[in-house]
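**Student:** the sequence isn't on hand, but the structure is:
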């Protein structure tokens, strides 16, 4: 991969000439998860050696914050049952898209002027009652595959990715090579940027939105690596570098509608990076199980890595 920032025209080519439309049929609604076959799941299961489990989910975000303008709701109800017995029930309410909740984006979540995944017109499939195309229930069996973590801060010798040094596609190549890992079709590509370390010394990641949103993360140059890796899922803590510098609606998030890749946003990756360093390996079994919401544009998730 050339070590230069691509032009706008080149980025648009990544999203058109290299897209996966029709690869699994014109009516396909699960995208790159087609590569997560029974054989792929079984191979991922063989990576489990010690049984160590690591959650990649952040806590349910009930506290208002700069990057959480619509906090989740959790209401409790206590009841009485019989002589001295009782019960507790609760209500959850959440607007999970955004920069606070660990969640999975379905293929109907975003689009550009060319359309949604496989060329569908959002005017035809996005309704008040839900999406009728590419919605999250099509991943009802979950995404269970080999996960590969690329630890960018460790490679750079820095605690976190900085605004003036976004993650580029060639960085991902370099990190993979240094860790001795090779991406295989259907893998989950997991990119650690050091979001929680960033929060210790900077304004909370994702909270700077005026006059324009600014946040460190993955540059659009990563699209080429993502496509060539043939991954089924992109998991990240920092998400797209913004502003993207190209005046396009979506940069790396465009992998959803161009390549049919699920995006797992706001992952908690510092514990996973620490576990990988302690285990001496950067591959493991990953399980992601979304809620079965018919017509949903995604779902909160609690991904689990197993070593």
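**Tutor:** Structure's in. What do you need? Values in this document were obtained by computation on a predicted structure and should not be read as measured data.
**Student:** helices of this structure, start to end?
**Tutor:** Along the chain, counting by DSSP state H, helices occupy 8-14, 38-45, 122-125, 152-156, 169-179, 195-201, 222-229, 255-259, 270-279.
**Student:** can you check which of these gets nearest to residue 213?
**Tutor:** Between residue 213 and those, the tightest spacing by CB to CB is seen for helix 195-201, at 15.0 Å. To be clear about C-beta, it is placed using only N, CA and C from the backbone, and glycine gets the same treatment.
**Student:** still on that earlier bit, can you say which of the helices of the chain is nearest to residue 114?
**Tutor:** Of all the helices of the chain, helix 255-259 sits nearest to residue 114, with 7.9 Å by CB to CB.
**Student:** which parts of the closest one are buried?
**Tutor:** 255, 256, 257, 258, 259 (16 or more other CB atoms under 10 Å).
**Student:** residue 59 versus the closest residue in space to the last one that isn't next to it in sequence, what's the distance?
**Tutor:** Going back to what we said before, that points to residue 259. In this structure, residue 259 finds its nearest non-sequential neighbour in residue 20, 4.9 Å apart by CB to CB, 6 or more residues apart in numbering. Residue 20 sits 34 Å away from residue 59, taking CB to CB, to the nearest Å as the criterion.
**Student:** so those two - more neighbours on which side?
**Tutor:** The neighbour count for residue 20 versus residue 59, taken as other CB atoms under 10 Å, is higher for residue 20 (20 against 11).
**Student:** and that one, what does it touch?
**Tutor:** The contact partners of residue 20, taken as CB atoms under 8 Å, 6 or more residues apart in numbering, are 31, 32, 258, 259, 260.
**Student:** any idea how far residue 51 is from it?
**Tutor:** 35 Å.
**Student:** with residue 72 instead?
**Tutor:** Going from residue 72 to residue 51 by CB to CB gives 31 Å.
**Student:** these two - which one has more neighbours?
**Tutor:** Neighbour comparison, residue 72 and residue 51: the larger count goes to residue 72, with 18 against 7 (by other CB under 10 Å).
**Student:** let's see the pLDDT reported for that one.
**Tutor:** pLDDT, residue 72: 97.
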